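[1] just the structure for this:
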Amino acid sequence: MATRFGLGPIDQISFAVASVEQSLPWYEALFDGPFTVRDVTLTADAVTYRGTPADAVLRLAFGRTAGIEIELVEVLRGKAPSLEHLREHGDGLHHVRFRVADLESKKEQLTAAGFEVIFDGTTPRGSFSYLQAPASLGHTVIELIQPALPGRHRALSPTWTPASPRRSAVTARSRRAAGGLTVSERRDDAQARKPVHRY
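    Numbers count the residues shown, from 1 in each chain. Next up, the predicted model:
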């Protein structure tokens with residue numbers, strides 16, 4: 001399929017999970033490395049879900065293996081395609097992603113071949129589109145992303161919520177459960193777990 005449509009190599013594999021925190025130890029052990037966790041807010045003025053404006057808050061975890069990004073997706077609020085997967089199949093592989101230079105052109109090419117656009121929008125990483133294959137291809141979901149041009153991050157930042165120290169602690173807890181922290185992580189984790197006195 002990638003060759004037929006000129007999509008190039010896969011650059012991300014994405015998994016739908018009910019809980020990033022509970023899933024991280026397993027995925028970190030599987031892919032032999034730590035993940036970075038952050039929350040993302042998608043707004044209805046920038047995202048559509050099955051043709052309707054939609055908003056969502058997602059908890060994402062990113063790791064890497066063999067040069068490919070690994071993504072875990074938990075939906076904290078709102079609607080997103082991974083929720084359909086969780087309802088029908090539970091946790092597991094949801095989609096693969098391809099980087100493209102011309103998103104609109106590739107969407108037209110794929111929809112003409114029977115794919116359906118199910119999730120579409122813009123974030124600071126660029127413009128993206130999730131497309132679901134026809135039944136003959138098992139309703140496989142792929143994501144296309146056209147990276148943002150330099151200097152576009154500031155203009156698109158309202159749709160993105162960066163990680164907070166609390167969210168970063170999720171990774172530290174998972175690393176502890178998976179077999180240990182680095183020296184710096186142990187120091188940061190100990191500091192984060194100190195009691196907070198409010199006056």
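[2] next, give phi and psi for Gln22.
    phi -70, psi -30 (degrees, to the nearest 10).
[3] same deal with the one 10 residues further on?
    Backbone geometry at Asp32, expressed as degrees, to the nearest 10, gives phi 60, psi 50.
[4] leaving out chain neighbours, which residue sits closest to it?
    For Asp32, ignoring the flanking residues on the chain, the nearest one in space by C-beta to C-beta, 6 or more residues apart in numbering is Thr65 at 7.0 Å. Bear in mind the C-beta positions are built from the backbone N, C-alpha and C, glycine included.
[5] now Glu88: which helix or strand?
    helix 81-89 (DSSP states H and E).
[6] could you say what helices and strands that helix packs with?
    The contact analysis (3 or more C-beta pairs under 8 Å, 6 or more residues apart in numbering; DSSP states H and E) places helix 81-89 against strand 12-16, strand 68-78, strand 92-99.
[7] which of those strands is buried the deepest?
    Greatest average neighbour count among the helices and strands packed on helix 81-89 goes to strand 12-16 (a mean of 21), per mean count of other C-beta atoms under 10 Å.
[8] partners of that strand in the sheet?
    According to DSSP bridges, strand 12-16 forms sheet pairs with strand 68-78 (parallel), strand 92-99 (antiparallel).
[9] for Thr140, find the nearest of these.
    strand 92-99 (7.8 Å; C-beta to C-beta).
[10] so how far is the closest one off the chain centroid?
    Relative to its parent chain, strand 92-99 has a centroid offset of 9 Å by C-alpha atoms, centre = their mean, to the nearest Å.
[11] same check on stretch 24-31?
    Taking mean C-alpha positions (C-alpha atoms, centre = their mean), stretch 24-31 and its chain are 16 Å apart.
[12] just stretch 92-112 next, same as before
    15 Å.
[13] in JSON lines: the helices and strands packed on helix 81-89, plus distance to Leu24.
    Below are these laid out as JSON lines (distance: least, C-beta to C-beta, whole Å):
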{"stretch": "strand 12-16", "distance to Leu24": "11"}
{"stretch": "strand 68-78", "distance to Leu24": "7"}
{"stretch": "strand 92-99", "distance to Leu24": "15"}
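[14] just checking, Glu108 is part of a helix?
    Yes - applying DSSP: H, G, I helix; E, B strand; the rest coil, one finds Glu108 inside a helix.
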